[in-house]
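S.K.: predicted model and sequence follow; I will ask about them next.
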Amino acid sequence: VVSALLDEGVEVHAYDPRAEENFRRLSPRFSSNVVYHATAKECVEACEAVLILTEWEEFRDASLYGGRLVLEGRRVLGVEGVCW
């Protein structure tokens, strides 16, 4: 997903403290072209749209997204459909 977004010229911000170190090693592109954040809130606040690709509890709070476009890939918010 990240490779495809970078190919399209999207500025990618990410939050995944469990996988960040390994993810950076996968490709030099992931190390130099992705902005990593220390918290989910910090990451979301830096973005216009959010793609949820995890089921982590911290992403279940709908107030985190503050009116941003959300593409819900894991149905953590219990909303019908894939985006709002």
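M.R.: Sure thing, it's come through. This is a predicted model, so every value here is computed, not measured.
S.K.: how many other residues sit next to the nearest residue to residue 45 once chain neighbours are set aside?
M.R.: Nearest residue to residue 45 in three dimensions, chain neighbours excluded: residue 66, at 7.8 Å (CB to CB, 6 or more residues apart in numbering). No exception for glycine: its C-beta is placed from N, CA and C like everyone else's. Residues lying near residue 66 (other CB atoms under 10 Å) number 10.
S.K.: quick check: residue 66 vs residue 32, distance?
M.R.: Residue 66 sits at a distance of 29 Å from residue 32 (criterion: CB to CB, to the nearest Å).
S.K.: where do the strands sit along the protein?
M.R.: In the chain, the segments counted as strands under DSSP state E are 12-14, 34-36, 49-52, 69-72.
S.K.: quick one: closest of the ones you listed to residue 60.
M.R.: strand 49-52 (9.7 Å; CB to CB).
S.K.: what is the closest one packed up against?
M.R.: Packing contacts for strand 49-52, counted by 3 or more CB pairs under 8 Å, 6 or more residues apart in numbering; DSSP states H and E, involve strand 69-72.
S.K.: packing partners of the strand it packs on?
M.R.: Strand 69-72 is packed against strand 49-52, with contacts defined by 3+ CB pairs under 8 Å, 6+ apart.
S.K.: burial count for residue 72?
M.R.: By other CB under 10 Å, 20 other residues sit near residue 72.
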